[in-house]
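**Q** next comes the sequence, and after it the predicted model I'd like to discuss.
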Amino acid sequence: MLKKIFQRITNNFGLKILALIFAAVLWLAVVNIDDPNTTRTFTTTVSIENSDYLAGIGKYYDIVNNSNTVTFKASGKRSYLERMSNSDFKAVADLEMIENLNRVPIEITAQRYGSSITVASKIYFLELEVEDLISKPFVISMQAEGDVADRHALGEMKASPTLIRVSGPASVVNTIEKAVATVNVEGISQDMTDSVIPVLYDKDNNEVDTRELSFNIQNVMVSMQILDTKDVTLNFQTTGTLPEGYEYLGIEYSPQTVAIKGMSAVLNTINSIIVPKEVLDLTDATGDIVKDVDISAYLPNGVSLVDSSQAKIAVDVKIERHEEKTFKMPTANITASNLNSRYAVKFLKETIDVELEGLTSDLDALDAGTLTGSIDVAGMTEGEHTVNLELNLDSKFKMVNTATVTVDIVLANSIQNSNSNKTDTDKLDTEKEDANKENSEKEDSQEPDLE
């Protein structure tokens with residue numbers, strides 16, 4: 001059975017192949033002659049007409065959802081469609097035809113074989129996000145980058161123009177916090193001018209993307225002044241009277257010196273910054289006065305601080321209350337003045353209490369044995385007398401109360417006789433002691449030899 005089928009297939013095989021080829025050619029000829037209609041899909045980019053229309057009514061637009069390309073179907077003779085590409089079609093969105101401020105109809109036309117090609121009747125739209133178009137001016141602030149030459153400082157910086165106007169979508173413009181022109185001053189020692197492109201920053205100091213923005217200027221000219229510097233001391237003065245019992249000890253502040261900048265002719269006349277005494281009024285103060293003093297207000301014209309953060313100086317005016325302390329002063333340290341030569345002075349006590357006022361630290365350091373004083377016994381005769389004591393005090397101390405000392409004024413002869421008798425008695429005692437010692441030594445030498 002299979003053999004018969006194979007024979008039928010291979011019988012006149014060449015003629016059969018030729019007939020198949022002829023049938024195919026005939027079909028192609030019929031098809032080409034007939035040229036039936038067909039449909040193809042194309043994709044093209046949407047071009048925008050009247051792009052200034054929205055800007056003219058104060059609006060800004062942005063294309064969303066990648067709708068600036070459109071994919072569509074076109075129908076026509078197959079012979080035409082096969083020869084066409086995406087670039088043979090034009091898609092146009094006229095912004096004057098915008099609907100609801102969010103979409104624009106797209107009109108698609110064939111650039112070739114327009115009379116023979118039909119684009120599908122479906123309506124395509126260019127989708128937009130529309131917002132207000134605003135314009136704002138910003139003052140251009142200046143910023144230096146780098147360090148100027150040694151012993152120099154950056155002075156005044158000026159920009160020309162001083163304003164930049166930024167236009168664009170409200171969502172972007174409203175994020176702008178400042179416009180900054182940054183200049184590199186590394187190593188410069190004299191005045192200079194440079195052209196700088198301002199940079200926009202938001203409130204977080206991040207740079208703002210300017211691709212959707214426009215500006216009235218592109219560059220600004222920045223001029224920089226370079227000044228000399230000098231280190232000077234600070235001089236604080238005080239005024240006012242402290243309450244009784246309080247003492248001004250001095251002023252503590254930091255730093256002790258600050259660097260100032262200016263023209264050399266002006267700096268040469270300045271050695272210190274004087275803070276007026278009215279700033280530190282001690283009247284009725286009963287404790288330390290602590291305050292921040294802005295020294296920039298007391299700089300001469302044409303001079304400023306190199307480091308503006310040093311303008312406020314923390315000042316501590318030291319005020320301490322006096323304390324009182326009693327000392328036992330040796331009466332041997334007291335001298336008597338204006339004493340009649342016939343008399344002598346005897347103190348009835350070896351010490352006398354004196355109450356002094358002063359700073360705690362000074363009182364603690366004072367040795368009572370170093371205190372000296374005097375009494376005036378003018379016109380006094382024999383007998384006991386109570387006399388006011390005058391102390392020889394350092395200015396750091398003063399007496400709280402008047403001190404008195406009781407003395408016995410006696411005849412000078414009685415003092416001499418007393419001293420003479422005392423001397424004789426001491427001599428006899430010494431002689432007896434020496435004799436006793438001699439006798440003891442003799443007895444020791446006369447002891448028998450026990451050996």
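**A** Looks like it arrived, so ask away.
**Q** use CA for all of it now, contacts and neighbours both
**A** Fine.
**Q** M329: how many residues sit nearby?
**A** By other C-alpha atoms under 10 Å, 20 other residues sit near M329.
**Q** point to the residue nearest the middle of this structure.
**A** Against the mean C-alpha coordinate of the chain, by C-alpha atoms, centre = their mean, the closest residue is S309 at 6.9 Å.
**Q** is it in a helix, a strand, or coil?
**A** Assigned with DSSP: H, G, I helix; E, B strand; the rest coil, S309 falls in the helix class.
**Q** what about the chain, any weak spots by pLDDT?
**A** For the chain, applying pLDDT under 70 flags the ranges 1-16, 24-34, 414-451.
**Q** looking at it, which strand is longest?
**A** Looking across the chain with DSSP state E, the single longest strand is strand 124-145.
**Q** tell me which residues in that one are buried?
**A** By 16 or more other C-alpha atoms under 10 Å, the buried positions in strand 124-145 come out as 124-128, 130-135, 138, 140-142.
**Q** name every strand pairing with that strand and say which way it goes.
**A** The pairing partners recorded for strand 124-145 under DSSP bridges are strand 59-63 (antiparallel), strand 103-110 (antiparallel), strand 163-169 (antiparallel), strand 178-184 (parallel).
**Q** let's have those in a markdown table, adding distance to E320.
**A** As requested, the strands paired with strand 124-145 are arranged in a markdown table below (distance: least, C-alpha to C-alpha, whole Å):
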| stretch | distance to E320 |
| --- | --- |
| strand 59-63 | 72 |
| strand 103-110 | 82 |
| strand 163-169 | 56 |
| strand 178-184 | 51 |
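**Q** dump these into a markdown table; add distance to I48 and mean neighbour count as well.
**A** Compiled in a markdown table, these are given as follows (distance: least, C-alpha to C-alpha, whole Å; neighbours: other C-alpha atoms under 10 Å):
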| stretch | distance to I48 | mean neighbour count |
| --- | --- | --- |
| strand 59-63 | 11 | 17 |
| strand 103-110 | 9 | 19 |
| strand 163-169 | 19 | 19 |
| strand 178-184 | 33 | 19 |
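**Q** those strands: which one's closest to I17?
**A** Smallest distance to I17 across these (C-alpha to C-alpha): 43.6 Å, for strand 103-110.
**Q** residues in contact with the closest one?
**A** The contact list for strand 103-110, computed with C-alpha atoms under 8 Å, 6 or more residues apart in numbering, reads 46, 88-95, 97-98, 117-119, 123-128.
**Q** go on, stretch 390-403?
**A** Applying C-alpha under 8 Å, 6+ apart, the external contacts of stretch 390-403 come out as 324, 353-359, 362, 371-375, 388-389.
**Q** out of those residues, which are inside helices?
**A** Applying DSSP state H to the contacts of stretch 390-403, the entries found in helices are D362.
**Q** you'd agree T45 is up against V70?
**A** Yes - using C-alpha atoms under 8 Å, T45 makes contact with V70 at a distance of 6.4 Å.
**Q** now do the shared contacts for those two.
**A** Jointly contacting T45 and V70 under the rule C-alpha under 8 Å, 6+ apart are A91.
**Q** which residues in this protein form helices?
**A** Secondary structure of the chain (DSSP H): helices located at 2-10, 13-34, 53-56, 78-81, 170-173, 264-267, 360-365, 412-445.
**Q** so what does the fifth one touch, helix or strand wise?
**A** The reference is to helix 170-173. strand 124-145 (3 or more C-alpha pairs under 8 Å, 6 or more residues apart in numbering; DSSP states H and E).
**Q** gap between the residue nearest to the centre of the chain and I295?
**A** Remark: distance between S309 and I295 (C-alpha to C-alpha, to the nearest Å) = 11 Å.
**Q** again, but for L305
**A** 9 Å.
**Q** quick one: which of those two has more around it?
**A** The neighbour comparison of L305 against I295 (other C-alpha under 10 Å) goes to L305, with 20 against 17.
**Q** neighbours of the residue nearest to that one when sequence neighbours are not counted, how many?
**A** The shortest distance from L305 to any non-neighbouring residue, by C-alpha to C-alpha, 6 or more residues apart in numbering, is to I260 (4.4 Å). By other C-alpha under 10 Å, the residues close to I260 number 22.
**Q** and I260, what are its bridge partners?
**A** K230, L305.
**Q** list the contacts for it?
**A** T229, K230, D231, V232, V303, S304, L305, V306.
**Q** would CSV of those with distance to Y80 be doable?
**A** Conversion of the contacts of I260 to CSV gives the following (distance: C-alpha to C-alpha, whole Å):
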residue, distance to Y80
T229, 84
K230, 88
D231, 89
V232, 92
V303, 85
S304, 83
L305, 82
V306, 80
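**Q** and those, which are buried?
**A** Here, 16+ other C-alpha under 10 Å leaves T229, K230, V232, V303, S304, L305, V306 buried among the contacts of I260.
**Q** G56 and V64, how far apart?
**A** 21 Å.
**Q** of those two, who's got more company?
**A** V64 (13 against 10).
**Q** residues in contact with that one?
**A** E127, L128, E129.
**Q** hang on, the earlier thing: for the buried residues of strand 124-145, which one is nearest T331?
**A** M142 (78.2 Å).
**Q** can you count the residues close to the closest residue to S337 other than its chain neighbours?
**A** If the residues on either side of it in the chain are set aside, S337 comes closest to D376, at 5.0 Å by C-alpha to C-alpha, 6+ apart. The number of residues packed near D376 is 15, by other C-alpha under 10 Å.
**Q** from memory D376 sits against N338, does it?
**A** Yes - counting by C-alpha under 8 Å, D376 does reach N338; the two are 6.2 Å apart.
**Q** how many other residues sit next to the residue lying closest to G155 once chain neighbours are set aside?
**A** Setting aside the residues directly before and after it, G155 is nearest to Q225 in space (C-alpha to C-alpha, 6+ apart), at 4.7 Å. Around Q225 there are 16 other residues, counting by other C-alpha under 10 Å.
**Q** how about the contacts made by Q225?
**A** By C-alpha under 8 Å, 6+ apart, the residues touching Q225 are L154, G155, E156, M157, Q190, D191, M192.
**Q** and the gap between D150 and T229?
**A** Counting by C-alpha to C-alpha, the gap from D150 to T229 is 9 Å.
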